[in-house]
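J.: can't give you the sequence, but here's the structure:
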């Protein structure tokens, strides 16, 4: 939490750390994972609802 542009205390950053497990024998490759990550972020109700920076703890 920090002061926003109006000097009010607010959430200024949200970090999401999703965990996805694939149980199928066929695992997605790096390119497919990147595409799924992008699509998930585009459709994320948190990212689409709040007006603060949204980041993920996912590293590539």
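T.: Nice, I can see it. Nothing here was measured: the structure is a model prediction, and the numbers come from that model. Residues are numbered from 1 along each chain as shown.
J.: next SSE downstream of the biggest helix by length in the chain?
T.: Across the chain, the longest stretch assigned as helix under DSSP state H is helix 30-43. Later in the chain than helix 30-43, the nearest helix or strand by DSSP states H and E is helix 45-49.
J.: how far does the longest helix of the chain sit from the chain's center?
T.: 10 Å (C-alpha atoms, centre = their mean, to the nearest Å).
J.: buried set for it?
T.: Neighbour counts over helix 30-43 (16 or more other C-beta atoms under 10 Å) mark residue 41 as buried. For the C-beta atoms, the positions are set from N, CA and C on the backbone; glycine is no exception.
J.: now do stretch 40-57
T.: Judged by neighbour count using 16+ other C-beta under 10 Å, the buried positions of stretch 40-57 are 41, 47, 54.
J.: which one of those is nearest residue 31?
T.: Closest to residue 31 out of the buried residues of stretch 40-57 is residue 41 (16.1 Å), distances taken as C-beta to C-beta.
J.: leaving out chain neighbours, which residue sits closest to that closest one?
T.: Nearest residue to residue 41, sequence neighbours excluded (C-beta to C-beta, 6 or more residues apart in numbering): residue 47, at 5.8 Å.
J.: confidence score at the one you found?
T.: Listed pLDDT for residue 47 reads 76.
J.: same check on the one 5 residues further on?
T.: Confidence per residue is given as pLDDT, and for residue 52 that number is 72.
J.: ok, now residue 28?
T.: At residue 28, pLDDT is 91.
J.: got a list of what it touches?
T.: 22, 36 (C-beta atoms under 8 Å, 6 or more residues apart in numbering).
J.: on the three-state scheme, it is what?
T.: Following DSSP: H, G, I helix; E, B strand; the rest coil, the label given to residue 28 is coil.
J.: from residue 55, how far out is it?
T.: With the distance defined as C-beta to C-beta, to the nearest Å, residue 28 ends up 22 Å from residue 55.
J.: thank you, goodbye.
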